[in-house]
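*Asks:* next one to model:
(one chain, ligands or ions: 2)
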Amino acid sequence: MKKIAILASGSGSNAEKIMEHFQASNKAQIVLIGTNKKDAFVLERAKKFDVPTFIFTKAELEGGNLTQKLVELQVDWVILAGFLLKIPQNLIDNYANKIINIHPALLPKYGGKGMYGMHVHCAVKEAGDNETGITIHLVNENYDEGKIIFQAATSIDEKDSPEEIAQKVHALEHKYFPQVIESML
Ligand SMILES: Nc1nc2c(c(=O)[nH]1)N[C@@H](CN(C=O)c1ccc(C(=O)N[C@@H](CCC(=O)O)C(=O)O)cc1)CN2
Ligand SMILES: NCC(=O)N[C@@H]1O[C@H](COP(=O)([O-])[O-])[C@@H](O)[C@H]1O
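*Replies:* Residues are numbered from 1 along each chain as shown. Ligands and ions are numbered 1, 2, ... in the order given. I've put the predicted structure just below:
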């Protein structure tokens, strides 16, 4: 059975959908929820699923403490679900092609530093695009430049607010992220 760790910095609705998906799975189990925010709501969601948690600082991430924890737990895959810090080389070296991220836009558009959460949906709205979507990709040393695994699009109307755009994107994320992860195991 594969072991999965999820990293999240905020609410964790994607993390919850992933924990739900694998709760009764014989393919994989979620062995850790890691976060850099001690007040992240994802910690409450982890409690609901009895998944152990690990809170770390940016310095501990960059210093290898998280990597050591993941290796000790024999984690096979690392899933970024709304994680807002750059994954450092020490983690990438230990988990080459085993770190998967979800981005709330159709990369390569709206990616890179500063492009996270509502910043992305505001930029899409500002640009007047008639569609947006999600991108699921492998993680390399740069933001949002890893190999794309999956994309799904949704139409948007000029009347849609950034919040309504976010709702449409979240619906795609919750539908596809768990199954795409399973397809990679
Ligand atoms: N090495 C990598 N690390 C991370 C990636 C990646 O592709 N390679 N993806 C991000 C997730 N992400 C987009 O999908 C993303 C997250 C955050 C940022 C960003 O600009 N962050 C700010 C800090 C925000 C904060 O501290 O609250 C910043 O770096 O200044 C861009 C893209 C996860 N890690
Ligand atoms: N660039 C990274 C980024 O913006 N990630 C986005 O953060 C949100 C987290 O929501 P959640 O905490 O409810 O899962 C998700 O929409 C995810 O795509």
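
*Asks:* quick check: closest non-adjacent residue to residue 33.
*Replies:* residue 46 (4.0 Å; C-beta to C-beta, 6 or more residues apart in numbering). C-betas here are computed from N, CA, C, even on glycine.

*Asks:* look at that neighbour and say how many residues are nearby.
*Replies:* 25 (other C-beta atoms under 10 Å).

*Asks:* using PDB, write out every CA atom in the helix or strand in which it is found.
*Replies:* In the assignment (DSSP states H and E), residue 46 maps to helix 42-48. Coordinates of each C-alpha in helix 42-48 appear next as PDB, following Å, rounded to 0.1, in the frame of the first residue of the first chain:
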ATOM      1  CA  VAL A  42      -6.600  21.700   7.300                       C
ATOM      2  CA  LEU A  43      -5.500  20.600  10.800                       C
ATOM      3  CA  GLU A  44      -9.100  20.400  11.900                       C
ATOM      4  CA  ARG A  45      -9.900  18.300   8.800                       C
ATOM      5  CA  ALA A  46      -7.000  16.000   9.600                       C
ATOM      6  CA  LYS A  47      -8.500  15.400  13.100                       C
ATOM      7  CA  LYS A  48     -11.800  14.300  11.500                       C
END
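
*Asks:* before we move on, back to that, distance of the residue nearest to residue 33 relative to ligand 2?
*Replies:* To ligand 2, residue 46 is 12 Å away according to C-beta to the nearest ligand atom, to the nearest Å.

*Asks:* ok so, going back, list of residues touching the helix holding residue 46?
*Replies:* 6, 8-12, 15-16, 19, 33, 35, 52-53, 55, 82 (C-beta atoms under 8 Å, 6 or more residues apart in numbering).

*Asks:* ligand 2 contacts on this protein?
*Replies:* 8, 10-15, 81-82, 102-104, 115-117, 120, 169-170, 173 (C-beta under 6 Å from any ligand atom).

*Asks:* for ligand 2, what's the nearest residue on this structure?
*Replies:* residue 82 (2.6 Å; C-beta to the nearest ligand atom).

*Asks:* pull the contacting residues for the residue nearest to the spatial centre of the chain.
*Replies:* When C-alpha atoms, centre = their mean is applied to the chain, the residue found nearest the centroid is residue 81 (1.9 Å). Counting by C-beta under 8 Å, 6+ apart, residue 81 makes contact with 6, 7, 8, 12, 14, 15, 18, 102, 177.

*Asks:* okay, now the nearest residue to the fourth one once chain neighbours are set aside: neighbour count?
*Replies:* It stands for residue 12. Spatial nearest neighbour of residue 12, excluding adjacent residues (C-beta to C-beta, 6+ apart): residue 42 at 2.8 Å. As a burial measure, residue 42 scores 27 neighbours (other C-beta under 10 Å).
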